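Chemist: give the three-dimensional model of this entry:
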Amino acid sequence: MDSIKKTKTVEEWTAWITRKPSFRFVLMVLTATLVYPASACPIYLPSFQGRDPEPGDWVCVTDLCKSVNISTLTQLCDSLYVNKTLTMADIKMQPKRTSFAIDFNIFCKSDKGGQAKKTLISSMYFVGALIGLLSGGYLYDNMGRKKAALSGVVIAVAASFVGTFCKSYALLLALRVFHGIGNFLVATAVFIWTMEVLPSNYRNYANGYTQTIWCVGYPVVALLGYLIPNWNHQYLACCVFVIVCSIPILFIVESPRFYMIVNRPDLAKDSIQRIASLNGISLKVSDIEIKEESAGVRQQSILQQLKEFVQYPVFVLETVIMMLTWFLTALSYYGFNFGWGSLVPNVYLGYVIAGFSEFVSYVALVGIIAKLGRRRSLITLLALSVLSFLVSIADVNLGAGWSLESVSSLMGLIFVSAVFSAIYLYSSELAPTSHRGVVFALSSGSARIGSFLGPFVINNLYEMTHKGVPLGVLSFLGLMCIAGMFYLVETNDKEIPNTPAQVKARRAYHTYRF
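Modeler: Model prediction:
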């Protein structure tokens, strides 16, 4: 019992009680991360719910319409918005598969206002995500990881259920906002929790798993979009999927790190004891002594967090660098993922290939990080992303609807997805426990701004200017992020800091070499 009664840090206790993880503990962690494929469902559903009408989905109801050739969607849209020889009163929509683009008359690219409205539906999700993350910054660090996650589940489920009865464009926009709030509250809370209940040597593998299981959401979304012809009913199916995947959160043990940072060592000891019990270790609460208790003068509050941002500018600069990297990654990631209809010949095939590409990148990243570490992996992957952006500028037709741009974009998604996965892991280790929720809120919040702009970059800006302009901007931002990475410290298999003071102290031995 001497080794048990020894005073340890939370990190040391976490490593000690999980040194031989049991099936029950592993099951708790793995099932909690089912929220990731569930999160993908409401994000990408609009790509299938808002499909454009196909020939046969409309019929002429006036003689004027019958005298005009509108056998293709382009001809129909030109007659409605370019030549203006017809109005919607001249035709009747009778689609085999319902679509909000048809219901709300926003399917014509020649109708600039309608096309912008359609893109806005995708982007409004990230307005909600930004709201969810900003509120989550407080909830994660003050209410707890578990309670914040459960509040997000309630919001996401309610939004999906209401979507079953949505018949209004304005309501659909509002539901997209609430989807974003709920999804990012739960997904970010669960990720922070996962990184905190695992020791440093497991975090890389856990990060790879959580990002890989996210890819399961792609075929699920494509399957829902393919099998269910009514776009409202797709929301109902999504609602059920989210509920099932979120049930395990009810049974997770709150992070002992969170309890320590809010000065509740008694509850931290209880969490340690419960995790030990899951791993088959008989441990009494009275046997647990935590080193951080002696430093309990710090009181967790929003005011204290703001004071420490001012007090430690090094911590602020690290956070700003990560915010820029999150912004670029989300801008390109969601720009491509909401633009496969424009970039590849078949939208269903595009999402299946994208899901497979992400799966490959997440699996490969585990080995890359194990070999190169967090920092060097990000520098390398960002450089490859920039290269793919530059190659995409060339106009080369490969036939069968494919081009060098579409192939390079899919290749670029592999690198961008790997960057996304890596910055989740890197951010969780760079940020101190006292500010981890706030840092994730700021970083992922900046990513939501990029996520909002991404679909407009691919779907709208491409048509307004030469594609070299947006791709050149992405490349320039990528080079800025690479430069910023040289300032950050390596966190590979190192103890997570608890306060900004420890963030400053760990830079004592930092070098700027690759």
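
Chemist: quick one, strands of the stretch 401-514 of the chain?
Modeler: For the stretch 401-514 of the chain, strands defined by DSSP state E, counting those that start in this stretch occupy the ranges 402-403.

Chemist: over to the stretch 51-200 of the chain?
Modeler: Under DSSP E, counting those that start in this stretch, the stretch 51-200 of the chain gives strands at 58-60, 91-93.

Chemist: low-confidence ranges in the stretch 301-450 of the chain?
Modeler: 334-352, 354, 399-401 (pLDDT under 70).

Chemist: about what we covered before: same list (the strands of the stretch 51-200 of the chain) but as TSV, adding mean neighbour count.
Modeler: In short, each C-beta sits where N, CA and C put it, glycine included. Formatted as TSV, those follow (neighbours: other Cβ atoms under 10 Å):
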stretch	mean neighbour count
strand 58-60	15
strand 91-93	16
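
Chemist: indicate which one of the ones you listed is closest to D493.
Modeler: strand 91-93 (58.9 Å; Cβ to Cβ).

Chemist: give me the helices and strands touching the closest one, please.
Modeler: Applying 3 or more Cβ pairs under 8 Å, 6 or more residues apart in numbering; DSSP states H and E, one finds that strand 91-93 makes contact with strand 58-60.

Chemist: what's the strand it packs on packed up against?
Modeler: strand 91-93.

Chemist: what are the contacting residues of the strand it packs on?
Modeler: By Cβ atoms under 8 Å, 6 or more residues apart in numbering, the list of residues contacting strand 91-93 from outside reads P53, D57, W58, V59, C60, V61, C65, I70, L76, I102.

Chemist: cross-check the contact I'm expecting between the third one and L76.
Modeler: So the one you mean is W58. Yes. With contact defined as Cβ atoms under 8 Å, W58 reaches L76; the gap is 6.8 Å.

Chemist: overlap of the contact sets of those two?
Modeler: I70, I91.

Chemist: nearest to P46, of the strands of the stretch 51-200 of the chain?
Modeler: Using Cβ to Cβ, the nearest of the strands of the stretch 51-200 of the chain to P46 is strand 91-93, at 18.8 Å.

Chemist: format the contacts of strand 91-93 as CSV; extra columns: distance to L227 and pLDDT.
Modeler: Output for the contacts of strand 91-93, formatted as CSV (distance: Cβ to Cβ, whole Å; pLDDT from 0 to 100):
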residue, distance to L227, pLDDT
P53, 20, 90
D57, 19, 91
W58, 24, 93
V59, 26, 92
C60, 31, 92
V61, 31, 92
C65, 33, 91
I70, 30, 90
L76, 27, 90
I102, 19, 91
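
Chemist: just the buried ones from the residues you listed, in PyMOL syntax?
Modeler: Only the buried entries of these go into this PyMOL selection, using 16 or more other Cβ atoms under 10 Å:
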select buried, resi 53+57+58+65+70+76+102
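
Chemist: what score does A101 have for pLDDT?
Modeler: pLDDT, A101: 90.

Chemist: ok, now which ones touch it?
Modeler: Contacts of A101 by Cβ under 8 Å, 6+ apart are G50, R51, D52, P53, F107, K118.

Chemist: isn't the last one right up against I106?
Modeler: Going back to what we said before, that points to K118. Yes. Using Cβ under 8 Å, K118 is in contact with I106, at 4.5 Å.

Chemist: overlap in contacts of the two?
Modeler: Common neighbours of K118 and I106, counting by Cβ under 8 Å, 6+ apart, are G50.

Chemist: closest one of the contacts of A101 to P95?
Modeler: The closest of these, once distances to P95 are taken by Cβ to Cβ, is P53, at 5.8 Å.

Chemist: which residue ranges of the stretch 401-514 of the chain form helices?
Modeler: Listed in chain order, the helices of the stretch 401-514 of the chain (DSSP state H, counting those that start in this stretch) span 404-430, 436-456, 462-464, 468-485, 500-505.

Chemist: off-centre distance for the second one?
Modeler: Okay, so that is helix 436-456. Here helix 436-456 is found 9 Å from its chain centre; the criterion is Cα atoms, centre = their mean, to the nearest Å.

Chemist: what is that helix packed up against?
Modeler: On a contact count with 3+ Cβ pairs under 8 Å, 6+ apart, helix 436-456 meets helix 112-142, helix 169-197, helix 313-337, helix 404-430.

Chemist: so for L477, which of the ones you listed sits nearest?
Modeler: The closest of those to L477 is helix 313-337. By Cβ to Cβ, the value is 4.4 Å.

Chemist: now that closest one and helix 436-456, what's the angle there?
Modeler: If you take axes from the mean of the first three to the mean of the last three Cα atoms, to 10 degrees, helix 313-337 sits at 30 degrees to helix 436-456.

Chemist: rewinding a little: save the helices and strands packed on helix 436-456 as JSON lines, and put in mean neighbour count too.
Modeler: Putting the helices and strands packed on helix 436-456 into JSON lines (neighbours: other Cβ under 10 Å) gives the following:
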{"stretch": "helix 112-142", "mean neighbour count": "22"}
{"stretch": "helix 169-197", "mean neighbour count": "24"}
{"stretch": "helix 313-337", "mean neighbour count": "22"}
{"stretch": "helix 404-430", "mean neighbour count": "24"}
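
Chemist: looking at these, which is closest to M464?
Modeler: Among the helices and strands packed on helix 436-456, the nearest to M464 by Cβ to Cβ is helix 112-142 (9.8 Å).

Chemist: that'll do, ta.
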